[in-house]
Structure formats: structure tokens, C-alpha cells
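> with the sequence up front, the predicted model follows.
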Amino acid sequence: MSFKKIILLAAVVCVAISAQAQKIIVGADFSTRFDNREYANNDFNESQTLFSARLTPMVGVQWQQKNRLVFGVDLLQNFGDDTEFLSKVRPVMYYQFNTKNVQANAGIFDRKALMGSYGAAFFSDSVAYYHNRISGFMGQYKSTERRNTYAEIAIDWEGMYSHESREMFRIISAGRYTIDKGFYMGYAFSMFHFAGRKDNENVTDNLLVNPYIGWEFNAYFDFDIRTGLLFAPQRGRSVDHEWKKPAGCQIDFRMTKWGVVLENNLYLGKNLQPLRHFIADEGLQLTYGQDGLYAGESFYSTTEHIYNRTFVGYDRKFFKGTMAVEAGMIFHYDGTGLGTQQMVKLSVNIEKLFKIGKK
């Protein structure tokens, strides 16, 4: 479907439902991200520069304060790609039910709807940006009595079985319980079913579990200290049918003040991505790492039993939360060398500035 037809369809839907609607929602999300990676000294990642902009205009209807039906278009342009008007044009369309304690989404919606703390072992920063949509369902419960206490589960259908693509779906879940005096405990979980395509019936199961405990406190600076286990059972049925069960410990430290951030993430353990360099597609000679089995940061494939990430930068929201700026230097040590990453991100959300319709 062409871009003009998508916009026309959105307008027709809005006109058709506006007569019964209590409120029409009009808004847009915008983000641009510069990411320069210099990893020549590292063995477990590659140097590259990613620079893109995304605009997602949306229209929708809200009724009885709890229900929303939203339609939008995700427009992505990779800078330097002049072969097409836009690099990607993809739909956003979902129903949302929302109360003080419960939220449920169904359809195609933005990843930012998730509350869970999924670290870089689950989703690298580039995967989170370029695979920004969840296609499926999500359900959340959040406590109004205990701060930062919630539980959620979602299913993301990432690929359809065909000659061109694999059948793939991911079930993710996370929860957190605030105990007292800033202490908390929680978990994150991912189960990725990486099935085959026609003429290549190779199936792989990939799980990742992260239970953790932490402490948030203020001592002039705001501190958040967390430690947890990363356990990644996985089986490549076309490789050896044996379950591989790598695991390790991760210790996270974050200190902030006035938007200035110092963050350190230390992983000590085995290679969490042991199938990365096995052949996943004999015809195309793609490895599992190239074919999309692992969404996490590839530094977690280190065989040196250590990966350390240090972020020094700025992260703050402005204009009542409608604009966010994040920038900084990131240092990666994977046991073989030190790599650097320079990152700048600007995002804008103006949905709440454009609400019109009947009371």
C-alpha cells in the first residue's frame, strides 16, 4: 500500500468514528539518532556508523477514558540512503485499554509501551531503535501503592513462514517489586522461537532469564545499584540438538545529577551467544548472528569471561517531558581491547499537545 493510500485510509477512519467519539487524538513521535562505533580493538563487535531519523504521525479515538484505537505510520530514513524517498514505511495500528492499574495493547505498537527493564543482553541499543515496533499483544499491571512495582508480558510476532522469511516469535516478560527503603527485586525474561523458512526447516530455541536485586538511594547524587544472574539456555536443533546453558553475573551501577549520568555495566561469565558463528542458512551461508537469532549486544558473545560497558553523558527531558536529549561516550571492554562509541539522540512526543473533540 502506498503512503498516500495509508494517509487517506487514516483520514477516512477518523471521520467515520468521530461522530461517536468522546475525543480525537492527533499526535506524532519524532526521533533522530547518531551512533558512531569504533571497535577496531575489539574481537566481539564491528565498527560502523548509524545515523537515522524517524517520524510517526498518529491519529486515533478515545472513548470512556479507558479505550483507544490508534492508527499511524512509522517513517524511517537512514541518512545517506538516497535510493528511495524513505528507507522504510511501516504501519502502526493498535487498540489500547488503560486504567490506573492495568494496560493492554493489541496490534502493532511502539516498544516504548513496555515498562520492563530489559538490558543490553536482551536488546542492543540499535535493535531497540530499528526494531521499535511490537506486533502482537501486551498486558501490564502496575501498582498505585508501591512505587515502580509492576508486571508485564508481551508476545512479538517477528517473522512469517515463507520462502523469504523465517517464522519467528518472541515472548517477553518482566516484573519488579519495591520492598522498602529503596530496595527492590525483579526479573526479565525472553523466549525466542527462531523457526525455519520454506526449504530451510532449521529451528532454534533461545531463552534468556535475568533475576536481580537492587537498591536506589540518594546521597546528593541519585544512585541505583543492581546485581543479577543472566542465564541463557538455547538449542540449535540443526546444529547438535544439545541444550547449551551459559550463565554469568551482571553488576550495574548508575549515578545521576541534573541529567549528567555515569553508568557502568559489568558482566562476568560465559559466552551468552554460543551459536552466533554457526551456519543458520546453508543456501545463503548466513550465520545465526547475521540471521537474527540474537537481539542482544554482540559483546555478550565474549569468550574472555568479561564485558564491561561504561557510559558518561547527559540524559534529560524538557518541556513537560515532550522532548528528550541523550548524548555521551560509551566505552566497551570485551577482554580483548577497548572500543568507543559516540551517541546522540533527540526525541519529541507531541501527542498530548493535540487533543480535540467532544467532551
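Alright, I've got the coordinates.
> pLDDT wise, what is R147 at?
At R147 the predicted local distance difference test score is 89.
> OK, contacts around the closest residue in space to V348 that isn't next to it in sequence?
When the adjacent residues along the chain are set aside, V348 lies closest to F30, with 4.5 Å between them (Cβ to Cβ, 6 or more residues apart in numbering). Heads up, the C-betas are built off the backbone N, CA and C, glycines and all. Contacts here follow Cβ atoms under 8 Å, 6 or more residues apart in numbering; on that basis F30 touches 53-56, 347-349.
> is the most centrally placed residue in the chain in a helix, a strand, or coil?
With distances taken as Cα atoms, centre = their mean, A128 lies nearest the centre of the chain, 3.4 Å away. In terms of secondary structure, A128 is helix; the call rests on DSSP: H, G, I helix; E, B strand; the rest coil.
> what's the answer for E84, then?
What three-state DSSP gives for E84 is coil.
> pop out the phi and psi values for it.
Phi and psi for E84, reported as degrees, to the nearest 10, are phi -140, psi 160.
> can you check G116 too?
Dihedral angles for G116 - degrees, to the nearest 10 - are phi -60, psi 160.
> quick one: contacts for the nearest residue to it once chain neighbours are set aside?
Among residues not flanking G116 along the chain, A174 sits closest, at 2.6 Å (Cβ to Cβ, 6+ apart). Contacts were defined as Cβ under 8 Å, 6+ apart; by that measure A174 touches 114-118, 150-152, 186-189.
> repeat that for Y141.
Counting by Cβ under 8 Å, 6+ apart, Y141 touches 101-102, 150-152.
> from F278, how far off is Y212?
Taking Cβ to Cβ, to the nearest Å as the criterion, Y212 is separated from F278 by 30 Å.
> of the two, which one has the most company?
Just comparing Y212 and F278: by other Cβ atoms under 10 Å the higher neighbour count belongs to Y212, 20 against 15.
> what about H163, how many neighbours?
8.
> ok, it touching G196?
No - the pair H163 and G196 fails to qualify as a contact (Cβ atoms under 8 Å) at a distance of 11.0 Å.
> would you say the residue nearest to V348 is within a strand?
Yes - the assignment for F30 is a strand, going by three-state DSSP.
> low-confidence regions, the stretch 201-350 of the chain specifically.
Filtered on pLDDT under 70, the stretch 201-350 of the chain yields the residue ranges 283.
> any chance of the contacts of F30 in a markdown table with distance to N308 and neighbour count as columns?
Listed next are the contacts of F30 as a markdown table, based on distance: Cβ to Cβ, whole Å; neighbours: other Cβ atoms under 10 Å:
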| residue | distance to N308 | neighbour count |
| --- | --- | --- |
| A53 | 31 | 16 |
| R54 | 30 | 19 |
| L55 | 36 | 17 |
| T56 | 35 | 21 |
| S347 | 27 | 17 |
| V348 | 33 | 15 |
| N349 | 33 | 19 |
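> mind checking how far R147 is from I179?
Taken as Cβ to Cβ, the span from R147 to I179 is 11 Å.
> contacts only, for the residue lying closest to R197 once chain neighbours are set aside.
Leaving aside its sequence neighbours, R197 sits nearest to R166 (Cβ to Cβ, 6+ apart; 4.9 Å). Applying Cβ under 8 Å, 6+ apart, we find R166 in contact with 159, 194-197, 291-292.
> who's in contact with stretch 125-134?
Among residues not part of stretch 125-134, those counted as contacts by Cβ under 8 Å, 6+ apart are 31, 33, 35, 50, 52, 54, 74, 76, 90, 92, 105, 108-114, 123, 154, 156, 158, 295-297, 343.
> just the contacts of Y141: which are in strands?
102, 150-152 (DSSP state E).
> same list (these) but as TSV, adding pLDDT and neighbour count.
Supplementary listing: the ones in strands among the contacts of Y141 in TSV, determined by pLDDT from 0 to 100; neighbours: other Cβ atoms under 10 Å:
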residue	pLDDT	neighbour count
V102	97	12
Y150	97	20
A151	97	18
E152	98	19
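> closest to V312 out of those?
Distance from V312 was checked for each of these by Cβ to Cβ. The minimum falls on Y150, at 29.2 Å.
> okay, and the beta partners of the closest one?
K142, R176 (DSSP bridges).
> that one reaches T178, doesn't it?
No - Y150 sits out of contact with T178 when judged by Cβ under 8 Å, with a separation of 9.7 Å.
> quick one on the thing from earlier: would you mind giving the contacts of A174 as JSON lines with distance to M323 added?
Compiled in JSON lines, those are given as follows (distance: Cβ to Cβ, whole Å):
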{"residue": "L114", "distance to M323": "21"}
{"residue": "M115", "distance to M323": "21"}
{"residue": "G116", "distance to M323": "24"}
{"residue": "S117", "distance to M323": "23"}
{"residue": "Y118", "distance to M323": "24"}
{"residue": "Y150", "distance to M323": "25"}
{"residue": "A151", "distance to M323": "30"}
{"residue": "E152", "distance to M323": "26"}
{"residue": "G186", "distance to M323": "29"}
{"residue": "Y187", "distance to M323": "32"}
{"residue": "A188", "distance to M323": "28"}
{"residue": "F189", "distance to M323": "33"}
